[in-house]
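> Sequence and predicted structure below; questions after.
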Amino acid sequence: MNFTETYQRLNAPIAPSPRLIEKTLAKARRPSFPLRRLIGIAAAAAVLLATPALAAQTEAGYHLLYALSPAAAQFFQPVQRSCADNGVTAEVVSVRVEGDTAQAYIALRGNTVDANCDLFDSASFHFPFDQTGHCERAGFDPATNTALFLVTTQTMDGSAIPQGRKMTFSLGCFLSGKQALEGVAVPLALADHAAEAETVEGFFRTGGGGNLEMADSISMLRPGEALAEPAPSLPVTAAGYADGLFHVQLCQGNAVELDNHGRLWLESERGQRLDSLASASFTDLTEEGARLDYQEFVFDVEPEDLANYTLHADFYTASARIDGNWRITFPLENAA
Amino acid sequence: MDTESAVERYGTMVYRLAYAQLRSRQDADDVFQEVFLRYHRAAPPFESEEHRKAWLLRVTANRANSLAVSPWRKRSVPLEDVHSYSQPEESGLDAALAQLPPKYRAVIHLYYYEGYDTEETARILGRKPSTVRAQLTRARQALARLLKEDL
């Protein structure tokens, strides 16, 4: 056996799934420090205006955790402390801290909570270390409208999280009505957009993907009326040629509000997929001061070939963002 | 390089190293997310592409190591991943690799798959070159024993 060749063949099918990539990039796209700081300031101001109701020993979250994972319920330290704001009760059901890692089961209960809701990267533990973490949905109980999440946080330098003291968990918002529409055929006759299109300057470039050099130099088409709206609140607002490449523009609305976004590609009549060479994101404020974000995808396809292609997309949308100030302090017992 | 481009260029490399160490897609998923979110939030300035690549491999190896030794993971039983093999010897090698400690699998992966020599592997993993050479030798011996042939 040639070890190197066999080992390489063994590794060939090992790759991150498109869903994992999308999930990771969605988290990365979310606004980071400056906006969070504003949200934090807003949340702190909200504390002065309304003190959320605190309650101890709530049951629904713990019952759900026990039903879903008795083992987790056993290994985690029960906390069962909750805080209500904006019609939603957040509960720290149970927690475990070992070394540099803290994990907590968090339950959300209320009319705006659904099975697909997303903590939108706004959940955090408060301790004096740089931290990195993630959150995953653990379950949903439609009878009590309770969603359960497992939040994991790790200190970035490996510092141990101190025990035997108190810890505070906070949550600033969550998204509800999340939907993934994948492999959607976009009803747009591409051949009708084979002409040069007008470009526009003055929008702020917020990122890009694919061929990096190209992403940095993609021109933005002038946004217009919706040419198609294949997913709620995600219209195609321009299509045409600029710099010799075929552009398709998707308007995301306010991307930091609901994180609505998509990924576009072309498909030939024979079903062959043609991915974009690069994409770029732009943002601007409307005259009324509302933020509008756009994604611009560019394809290497000749105008005379456009009739042979159709436009397809994956879309990720949410219908509402529920803001609040959920903040729960609880004692941490020393691990046995 | 922004995060999307980094994922596109190095995502598979990161995922394969995480999987090589942890042997679980679920765990590799977790490591993949952590590595690229950390890249997004805290990546240092890189002197070159090679530097960026080495940083990603090192963070991946460290996160996978942390996960491998976490008491929580030790108490849980990962689900078996289902594989299809194109050649019979692949299943034997896969089973043999599963019996190696994760730290040996990282060395094997960087040496045989990523093509790094032992000095470079040592720098990436933050180990002494002599340690890496010893681990590579032991890993080869263990695999040879398990596969009953010379490597």
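Sure thing, it's come through.
> B:Ala106 contacts B:Ala20, correct?
Yes. Between B:Ala106 and B:Ala20 there is a contact at 6.7 Å, judged by Cβ atoms under 8 Å. C-betas here are computed from N, CA, C, even on glycine.
> Need the nearest residue in space to B:Leu136, chain neighbours excluded.
For B:Leu136, ignoring the flanking residues on the chain, the nearest one in space by Cβ to Cβ, 6 or more residues apart in numbering or on different chains is B:Val107 at 5.2 Å.
> can I assume the one you found sits in a strand?
No. Checked against DSSP: H, G, I helix; E, B strand; the rest coil, B:Val107 lies outside a strand; its state is helix.
> and it, how far is that from chain A?
Distance of B:Val107 to chain A, computed by Cβ to the nearest Cβ, to the nearest Å: 13 Å.
> Mind checking the pLDDT average for stretch A:129-143?
Averaging pLDDT along stretch A:129-143 gives 81.
> Residues in contact with it: which ones?
Applying Cβ atoms under 8 Å, 6 or more residues apart in numbering or on different chains, the external contacts of stretch A:129-143 come out as A:27, A:60, A:64-65, A:67-69, A:105, A:114-119, A:121, A:123-125, A:146-157, A:159, A:161, B:30, B:33-34, B:37-38, B:41-42.
> Go ahead and produce PDB holding the CA coordinates of it.
What follows is stretch A:129-143, C-alpha atoms only, in PDB (Å, rounded to 0.1, in the frame of the first residue of the first chain):
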ATOM      1  CA  PHE A 129     -11.200  37.600  29.200                       C
ATOM      2  CA  ASP A 130     -11.400  37.800  25.400                       C
ATOM      3  CA  GLN A 131     -13.700  35.000  24.400                       C
ATOM      4  CA  THR A 132     -15.000  33.200  21.400                       C
ATOM      5  CA  GLY A 133     -18.100  31.100  21.200                       C
ATOM      6  CA  HIS A 134     -21.000  29.700  19.400                       C
ATOM      7  CA  CYS A 135     -24.600  28.900  19.900                       C
ATOM      8  CA  GLU A 136     -26.700  26.000  18.700                       C
ATOM      9  CA  ARG A 137     -30.300  25.200  18.800                       C
ATOM     10  CA  ALA A 138     -31.000  22.200  21.100                       C
ATOM     11  CA  GLY A 139     -34.800  21.800  20.800                       C
ATOM     12  CA  PHE A 140     -38.200  23.400  20.800                       C
ATOM     13  CA  ASP A 141     -41.400  22.600  22.700                       C
ATOM     14  CA  PRO A 142     -44.400  23.900  20.800                       C
ATOM     15  CA  ALA A 143     -46.700  23.300  23.800                       C
END
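> For it, which residues meet the burial criterion?
A:Phe129, A:Gln131, A:Thr132, A:Gly133, A:His134, A:Cys135, A:Ala138, A:Gly139, A:Phe140, A:Asp141 (16 or more other Cβ atoms under 10 Å in any protein chain shown).
> Quick one: neighbours of A:Ala284, just the number.
Actually, residue A:284 is Asp. It isn't Ala. A:Asp284 is flanked by 15 other residues according to other Cβ atoms under 10 Å in any protein chain shown.
> for the one helix or strand it maps to, packing partners?
Element membership of A:Asp284, judged by DSSP states H and E, is strand A:278-285. Secondary-structure packing of strand A:278-285 (3 or more Cβ pairs under 8 Å, 6 or more residues apart in numbering or on different chains; DSSP states H and E): strand A:204-210, helix A:212-217, strand A:291-299.
> partners of the one helix or strand A:Ala102 maps to in the sheet?
In this assignment (DSSP H and E), A:Ala102 forms part of strand A:101-109. Here strand A:101-109 is paired, per DSSP bridges, with strand A:88-98 (antiparallel), strand A:146-155 (antiparallel).
> mind putting those strands in CSV, mean neighbour count and distance to A:Pro18 included?
Formatted as CSV, those follow (neighbours: other Cβ atoms under 10 Å in any protein chain shown; distance: least, Cβ to Cβ, whole Å):
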stretch, mean neighbour count, distance to A:Pro18
strand A:88-98, 23, 32
strand A:146-155, 22, 23
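> what's the following helix or strand after the lowest-mean-pLDDT helix or strand in chain B?
One helix or strand of chain B scores below all others by mean pLDDT, DSSP states H and E: helix B:71-75, with a mean of 51. The helix or strand immediately downstream of helix B:71-75 is helix B:88-98, counting by DSSP H and E.
> which SSE is the residue nearest to B:Arg63 when sequence neighbours are not counted in?
Spatial nearest neighbour of B:Arg63, excluding adjacent residues (Cβ to Cβ, 6+ apart): B:Val31 at 4.8 Å. Element membership of B:Val31, judged by DSSP H and E, is helix B:25-42.
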